[in-house]
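Participant: The following block contains a protein sequence and its predicted model.
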Amino acid sequence: MKIQLNRISFGLPTKAFFIDYTVSQKRQLPVVKEFIIRVLHSVGKSPVSLIQDYFGFTAAETLAVLDDLKEESLIKWSDNEIELTAHALENFEEVEGNMLPRFFEVVDKIDNVFFELSEFRMLPKTVQRSGINSTSISLPLPDECYSKLNDKAMSAFDSNFEHFREVVKGEDIYSEREELYKINHVNGKYDLSIPIPVEYYIDTDAPDVLQTAYEDSNLDEWDINKSLFNYMDSAINTKPYSDVTRDFSDYISATDDPILTQYWNDKTNSFNIELLLKHYADGMAHHSKDTQLIVGNLYSDFNSQALTEKLKEIFPKKPKSSGLIWLSKGDNSTWGRTSEFGALLESITSLFDNRKKTSKAVLALPCSSVSEAIEQRKVYRNRDIAPALIGCEKQFGGENCEVLLLPNIMVACLLHLPMTDERNISLPVGYVSFAPELIESVTSNIVRWASSDNNLNAFFEKRNTPPDDTVLYKYFSKILAQEQK
């Protein structure tokens, strides 16, 4: 069974180029001229009178049409006899048993062409249209990828012109014959970062093997050799130290997880992950109908859909409750770095009653300075999502605990376990519960944690923000204080 653990959008460095070029393309001769050419091809060298008599032209009409053909280098005319030039003869093709003339003309064209900078491949429209996402993790490319860009663009365009026509422009290269005649001018226009969505997953038959795949089939076809995966690995190859025993103890104390304790071995201080995943795949790891095991980040494809569907069912029954608090884990360098994170937030907040002051999403993020708050805000509060942000000096439930709380409605808790893989991708395991007693217990634990000194800070707040207008007072505390209805 495949289990998606995380989704990440990587920013691929890309540049747009203005390219002025000339193509040779098929030119349709006027009917009369084509028939004269075809007659001469059949009979060979002939007197001018033959053409005049065959078509019924006057002398003036004959002179006019033959002058045009000579001007176009299609006939030779000497001593009152005409014949096809070598150029004309070379441009006859056999079509269904008949020899027909196929002539070409040159046409100037201008296009904006996008190249990714790692291997200077053209981007098809299906990739270009994916838009810019500020949550993306930038791909680190070598310095040489940013040198001699105009020369690289010219060479790549020349070598891949048919690909450009077929994949980028969407032209039928078989019925519309066209060849690159010359490149007149190339000029770099602007830089942009294209989001490349990727999923990280495991299979229950091989839980130690972390696998990577593009989430878009168009990317699979475009990067058939998956060469970008190497740059992606480099971008997330630093993972924090993790003490599983300490993390598990902190997590259980904060979340009262009734499921993970069944898979913890006190003698070895480790989890029986194989058994946990087997029970998960077999649907045998539920604590109750209201409390179930979850594996993978909450914004993974399966978890996101399941949570949204369940909340849509519950919210009409809880009209007095609104708002959510999402406490991230300590290292969030690969957490929520996808548009799907914002999509899940949007799907939940759309259920809120906007007349209520508590109808707000609050993200509690690790933050220890104003400069760090600025960088975090760029990622988690942007044009796609607009949650309120509050900084944490010390994470709730330890450095690898994550909690999504909708008071009186739902709580989801995850413990991010380290994997043997060198990449900074964790194995999130935990539970989601709609049971009132678990929701109330975690809510009370968060209230106590938030009331302790130095756990929360105001680095996300604007300077001189009045106490009553801070996220802590205006949203965080009021969402937690909602009475159970």
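Facilitator: Nice, I can see it. Only a predicted model underlies this, so the values are computations on that prediction, with no experimental measurement involved. Numbering: from 1, shown residues only.
Participant: For stretch 243-262, buried residues please.
Facilitator: Buried positions in stretch 243-262, judged by neighbour count with 16 or more other CB atoms under 10 Å: 247, 248, 250, 251, 252, 254, 255, 256, 257, 258, 259, 260. Yep, even glycine has a C-beta here, placed from its N, CA and C like the rest.
Participant: Tell me the confidence at the residue lying closest to residue 155 once chain neighbours are set aside?
Facilitator: Nearest residue to residue 155 in three dimensions, chain neighbours excluded: residue 120, at 7.9 Å (CB to CB, 6 or more residues apart in numbering). pLDDT, residue 120: 95.
Participant: where does residue 120 fall, phi/psi-wise?
Facilitator: As for residue 120, its main-chain torsions (degrees, to the nearest 10) stand at phi 50, psi 50.
Participant: hang on, the earlier thing: with pLDDT as extra columns, can I get the buried residues of stretch 243-262 in a markdown table?
Facilitator: A markdown table is the format used below for the buried residues of stretch 243-262 (pLDDT from 0 to 100):
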| residue | pLDDT |
| --- | --- |
| 247 | 96 |
| 248 | 97 |
| 250 | 97 |
| 251 | 97 |
| 252 | 97 |
| 254 | 97 |
| 255 | 97 |
| 256 | 96 |
| 257 | 97 |
| 258 | 96 |
| 259 | 96 |
| 260 | 96 |
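Participant: which one of those sits closest to residue 137?
Facilitator: residue 247 (24.0 Å; CB to CB).
Participant: got a list of what the closest one touches?
Facilitator: The contact partners of residue 247, by CB atoms under 8 Å, 6 or more residues apart in numbering, come to 398, 399, 400, 401, 415, 417.
Participant: Just grab the bridge partners of the last one for me.
Facilitator: As for beta bridges, residue 417 partners with residue 427 under DSSP bridges.
Participant: how much space between residue 205 and residue 274?
Facilitator: Distance from residue 205 to residue 274, counting by CB to CB, to the nearest Å: 10 Å.
Participant: mind listing the strands for the stretch 201-350 of the chain?
Facilitator: Taking DSSP state E, counting those that start in this stretch as the test, the strands found in the stretch 201-350 of the chain are 206-214, 264-265, 270-271, 291-295, 324-327.
Participant: can you list those strands in a markdown table and add mean neighbour count and mean pLDDT?
Facilitator: Formatted as a markdown table, these follow (neighbours: other CB atoms under 10 Å; pLDDT from 0 to 100):
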| stretch | mean neighbour count | mean pLDDT |
| --- | --- | --- |
| strand 206-214 | 14 | 95 |
| strand 264-265 | 14 | 95 |
| strand 270-271 | 16 | 94 |
| strand 291-295 | 21 | 97 |
| strand 324-327 | 24 | 97 |
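Participant: Please identify which of those is closest to residue 95.
Facilitator: Closest approach to residue 95 among the strands of the stretch 201-350 of the chain (CB to CB): strand 206-214, 42.4 Å.
Participant: can you give me the angle that closest one makes with strand 291-295?
Facilitator: For strand 206-214 against strand 291-295, the angle by axes from the mean of the first three to the mean of the last three CA atoms, to 10 degrees is 70 degrees.
Participant: neighbouring contacts of strand 206-214?
Facilitator: Defining contact as CB under 8 Å, 6+ apart, one finds that strand 206-214 is touched by 5, 196-203, 220, 223, 226, 229, 232, 273-274, 277, 419-421, 423, 425, 427.
Participant: show me what contacts the closest residue to residue 394 other than its chain neighbours?
Facilitator: Nearest non-adjacent residue to residue 394, counting by CB to CB, 6+ apart: residue 455, 5.0 Å away. Contact partners of residue 455, counting by CB under 8 Å, 6+ apart, are 392, 393, 394, 396, 449.
Participant: If any of those are buried, give me the PyMOL selection for them.
Facilitator: Command for PyMOL that selects the buried part of the contacts of residue 455, burial taken from 16+ other CB under 10 Å:
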select buried, resi 392+396+449
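Participant: Just confirm residue 114 is within a strand.
Facilitator: Yes. Applying DSSP: H, G, I helix; E, B strand; the rest coil, one finds residue 114 inside a strand.
Participant: Wait, it touches residue 12, no?
Facilitator: No. Look at residue 114 against residue 12 with CB atoms under 8 Å: they stay out of range, at 10.3 Å.
Participant: more neighbours, these two?
Facilitator: The neighbour comparison of residue 114 against residue 12 (other CB atoms under 10 Å) goes to residue 12, with 24 against 20.
Participant: Please verify my assumption that the more buried one contacts residue 139.
Facilitator: Yes. Here residue 12 reaches residue 139: they are 5.7 Å apart, a contact under CB under 8 Å.
Participant: who touches both of those two?
Facilitator: In contact with both residue 12 and residue 139: 118, 196, 228, using CB under 8 Å, 6+ apart.
Participant: Report how many residues lie close to the first one.
Facilitator: Translated: residue 118. Other residues lying near residue 118 total 18 when counted by other CB under 10 Å.
Participant: and it, helix, strand or coil?
Facilitator: Quick answer, by three-state DSSP: residue 118 is coil.
Participant: backbone phi and psi for residue 99, please?
Facilitator: The phi/psi pair for residue 99 (degrees, to the nearest 10) reads phi -90, psi 120.
Participant: in the sheet, who's paired with it?
Facilitator: Under the criterion used (DSSP bridges), residue 99 bridges to residue 94.
Participant: quick one: contacts for it?
Facilitator: If you count contacts by CB under 8 Å, 6+ apart, then residue 99 has 38, 41, 92, 93 around it.
Participant: Then residue 291?
Facilitator: The contact partners of residue 291, by CB under 8 Å, 6+ apart, come to 258, 259, 431, 432, 433, 434, 435, 438.
Participant: can you rerun that using 10 Å?
Facilitator: The neighbours of residue 291, taking CB atoms under 10 Å, 6 or more residues apart in numbering as the test, are 257, 258, 259, 411, 431, 432, 433, 434, 435, 437, 438.
Participant: This completes my enquiry, with thanks.
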